[in-house]
Structures are given as structure tokens and as C-alpha cells.
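Got a predicted structure here, sequence first:
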Amino acid sequence: MVELDVTGTTVTVHVTGAHRILALREHVSFDLSQVKRIAPAPVDLRPPWVRAPGTFFPGVIAAGIFRGKGRKEFWDTRFDGHGVLIDLAGSDITRLVVDVSDPQAALRELSSALAA
């Protein structure tokens, strides 16, 4: 699970607990201007096939960096319906799929920060 922190125009995704070890990251940051789309993450969404570095157990957890053709994605999800999908442009990371405690609140927070 992660915590989202919006400060000014910067969004920082803080990886919490044991997921820091599984994702091999403590945080990911990006600018609000790089956000193309935010949405609830579909439960059946799967990461690109190359894991580098990270953890993946199908249907259980995806945590870390995953690469595909022209994509570099950060995932930290347990596929349980608490995921938020953030598509980015102009960043080295093209997509984030992360679990948050309250997906609707996180989407509202990001939407209002984008609108400001």
C-alpha cells in the first residue's frame, strides 16, 4: 500500500511497510503537469511482462518496476480493488498502479490538485 502526498505541483507516492522491500523503492515522484489520466485500476489489469526490479505473484501482488514495449511502470498492488491507475507523459515512468486505503478519496485529491 502507498500514501499519496501532493505538495504544490509535485506528487510523491510513498511506499509503506514491507512493500518497500517487495517494490525495492521507498517513493516515486512526478509533477502534476505530467498526469495524462487518473482512474480506478481494474482488478484484472496486469503489469508488462519484464519485471526489473520487483516482485510478481500472479493474482496476489505486483510491486516494483515493470517494463514493456516503450513502457516503464511502477506497480504496488494486491489486485483487491483498492488500486489507482495514473498514466503519465514526459516522465521516465509511464504509468503507476498503486493500492491506497481509500481509492475514491485519492482520486478526488488528485483531481482537485489537477484542476487547481
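Perfect, I can see it now. Residues are numbered from 1 along each chain as shown.

counting contacts, what elements does the helix or strand residue 21 falls within pack onto?
Element membership for residue 21, per DSSP states H and E: helix 19-23. In terms of contacts (3 or more Cβ pairs under 8 Å, 6 or more residues apart in numbering; DSSP states H and E), helix 19-23 is packed against strand 50-57, strand 61-68, strand 71-77. Heads up, the C-betas are built off the backbone N, CA and C, glycines and all.

CA atoms only: put the second one into PDB for me.
In PDB, the C-alpha atoms belonging to strand 61-68 read as follows (Å, rounded to 0.1, in the frame of the first residue of the first chain):
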ATOM      1  CA  ILE A  61       0.900  -9.000  -5.700                       C
ATOM      2  CA  ALA A  62       2.800  -6.800  -8.200                       C
ATOM      3  CA  ALA A  63       5.400  -4.500  -6.700                       C
ATOM      4  CA  GLY A  64       8.200  -2.700  -8.400                       C
ATOM      5  CA  ILE A  65       9.200  -1.600 -11.800                       C
ATOM      6  CA  PHE A  66       7.800  -3.400 -14.900                       C
ATOM      7  CA  ARG A  67       8.800  -2.800 -18.400                       C
ATOM      8  CA  GLY A  68       7.100  -3.400 -21.700                       C
END
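
That strand to strand 71-77, inter-axis angle?
Between strand 61-68 and strand 71-77, the angle comes out at 180 degrees (axes from the mean of the first three to the mean of the last three Cα atoms, to 10 degrees).

coming back round to it: which residues does the helix holding residue 21 contact?
Residues from elsewhere that reach helix 19-23 (Cβ atoms under 8 Å, 6 or more residues apart in numbering): 1, 2, 15, 26, 54, 55, 61, 63, 64, 74, 75, 76.

Now it - C-alpha only, CSV.
Written as CSV, here are the backbone C-alpha positions of helix 19-23 (Å, rounded to 0.1, in the frame of the first residue of the first chain):
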residue,chain,number,x,y,z
HIS,A,19,6.1,-3.3,0.4
ARG,A,20,9.3,-1.2,0.4
ILE,A,21,11.2,-4.4,0.3
LEU,A,22,9.0,-6.0,-2.3
ALA,A,23,8.9,-2.9,-4.6
